[in-house]
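1. structure of the sequence below:
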Amino acid sequence: MCAKAFPPPSDFFDTVLAFPFPQIAYATSKRISTLLKTRVIEPNPDELFDYEAFAAAGKCIIEPAQDVYSYERCSYPQPEWSEDEPWRRNDNADDDSHKYRAAAAGNAVTTQVIGWNTVDWNDEHLTLVVLNLTDSFSNDTKHVFIAAKNGVAERFLLAVTDFSRNMTDRIWSFQDGRFTADRRLYTDIQTSTFDNLILANNMAAEIKSDLELFFASSQLYKRLNIPWKRGVLLTGPPGNGKTHLIKALVNHFKQQHPTIAILYIKTFTASCAPDDYAIRTVFKRARARPCIVIFEDLDALVKPDVRSAFLNELDGLSANNGVVVVASTNHPEELDSAIRDRPSRFDRRWAFELPGEVERLSYLKKWFSAREFDTPPSDEAMKEVAGALTAGFSFAYLKELALGTTLQSVRLEGGDGGEAGKQGAMDKLLMEQAGVLGMHVKKAREEDAGGSGEGKSGWRGKKWRKHVAGR
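-> Sure thing, here's the model as predicted:
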């Protein structure tokens, strides 16, 4: 149990929250210091300071003070869908979408929004005050104040920060003007690896090797007096592996090179700050340590009014030592030439084109071999389908082909004839699905060739690229 701490006044938070919004944090820190007669420090907002995970790992004990009101928020994480427990079935529901309800009991997660806490850590006693504030723009800011004597607060801060830095199950993502440690994003990349990525000419291995060599060559760059930074631009129509490659890179570096930070930028737009401020915030964090910064759909992120700010941070006076920028775009022609064509900004451009016959066959074989089928399509059928029947298909369309075939087989297995279990039935289904999807591709090509007169660089060209990509 935590040692008895100085009991704060019961109206402590009523008092500090009565100050004007910009003064609340200062007033809170000053009042804590006055009450405890000790120094108060606050973690750097640019660092991850997950004291709750630190306590959950048994590194310390944190208990809310009983003498002051503590405001907590309760939530229920959404579990994966399943017909088994912990889901409860409701067979009286009017439609299938409501037949399964989450069994929430025992799954609640409580987060302290406002509270005064006592902390026991390494036989030392601290006070930790939590204050989540929401401004008039609905932006949340979390303040954590640590109070203790004789340098204990500083040592505790360093211990929690070091622990937080070494947590591998989160990725820093940037949205609405601030960084958050995103566990869901980390979970989403776990199935994306270089083993299940198919690209022509060994391109995936070359990109991975290029970045690993960069991070291993800091001394060489220094000796040759070359700026230790790198930019990689992935281009091509959607659905052809750019996002998969980015996820595989993040997954690989998180597992094999955990000291290299990963920053995933969702948007520069913020409700309470201009976009150029957000851009400066991103690159300030990137320069703190060797890292990879991810910009997906760069043409949508960098708008004309922030192009200058982006260029200044990407290749301006500030040294981006140890920073790798990995960006993707479906429409490189829409990027400013100053971003797209200058090597010091993006040193390498990799084109992700529609897969050829060899890649289409490899994809189908890998997809069906990774799943359990009593009678999967034969190699001969997959080879035939990977030829002229799927010319012009993106990887996204190939996935739809494989998935559609699988769903059709499941449907037929439930029918009277059990057709999907017969020899050659999967071959037939695969070819039928390829024919259906091929008609969609052909129709899109005809629409693209016959319509607006704008050609492939105009609206119909973009429509065609998206259509072929299966989006």
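2. quick check: Gln408 touching Leu429?
-> Yes - assessed by C-beta atoms under 8 Å, Gln408 is found in contact with Leu429 at 5.1 Å. Using the backbone N, CA and C atoms, a C-beta is placed for each residue, glycine as well.
3. which of those two has more residues huddled nearby?
-> Leu429 (22 against 19; other C-beta atoms under 10 Å).
4. please identify the helix or strand for Lys399.
-> helix 395-413 (DSSP states H and E).
5. break down the stretch 51-200 of the chain into its helices, ranges please.
-> With DSSP state H, counting those that start in this stretch as the criterion, the stretch 51-200 of the chain has helices at 51-56, 152-165, 183-188.
6. out of these, which gets nearest to Lys37?
-> If you check each of these against Lys37 by C-beta to C-beta, helix 152-165 wins as the nearest, at 13.5 Å.
7. by contact count, what packs against the closest one?
-> strand 40-41, helix 51-56, strand 109-121, strand 124-134, strand 140-147 (3 or more C-beta pairs under 8 Å, 6 or more residues apart in numbering; DSSP states H and E).
8. hey, which of the ones you listed is tucked in deepest?
-> strand 124-134 (a mean of 20; mean count of other C-beta atoms under 10 Å).
9. ok so, going back, output the helices and strands packed on helix 152-165 as TSV; include the columns distance to Pro290 and mean pLDDT.
-> Formatted as TSV, those follow (distance: least, C-beta to C-beta, whole Å; pLDDT from 0 to 100):
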stretch	distance to Pro290	mean pLDDT
strand 40-41	27	93
helix 51-56	24	89
strand 109-121	30	85
strand 124-134	31	89
strand 140-147	27	82
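10. any chance of JSON lines for these, columns distance to Ala216?
-> Shown next, in JSON lines, are those (distance: least, C-beta to C-beta, whole Å):
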{"stretch": "strand 40-41", "distance to Ala216": "37"}
{"stretch": "helix 51-56", "distance to Ala216": "31"}
{"stretch": "strand 109-121", "distance to Ala216": "37"}
{"stretch": "strand 124-134", "distance to Ala216": "40"}
{"stretch": "strand 140-147", "distance to Ala216": "37"}
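11. Lys208 against Phe194, yeah?
-> Yes - in this structure, Lys208 is within contact of Phe194 by C-beta under 8 Å, at 6.3 Å.
12. what's the overlap in contacts for those two?
-> Ala248, His252 (C-beta atoms under 8 Å, 6 or more residues apart in numbering).
13. contact partners of stretch 184-203?
-> 168-171, 173, 204-205, 208, 241, 244-245, 247-248, 250-252, 254, 264, 350, 352-353, 355-356, 358-359, 362-363, 366, 370, 395.
14. stretch 299-318 now?
-> Contacts of stretch 299-318 (C-beta under 8 Å, 6+ apart): 231, 265, 267-268, 275-276, 279-280, 282-283, 287, 295, 320, 325, 329-332, 334-336, 338-339, 342, 344-345.
15. and the buried ones among those, selectable in ChimeraX?
-> Here is the ChimeraX command that selects only those of the contacts of stretch 299-318 that count as buried (16 or more other C-beta atoms under 10 Å):
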select :231,265,268,275,276,279,280,282,283,287,295,320,325,329,330,331,332,335,339,345
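16. pLDDT at the most centrally placed residue in the chain, what is it?
-> The residue lying closest to the centre of the chain (C-alpha atoms, centre = their mean) is Leu185, at 3.8 Å. The model reports Leu185 with a pLDDT of 90.
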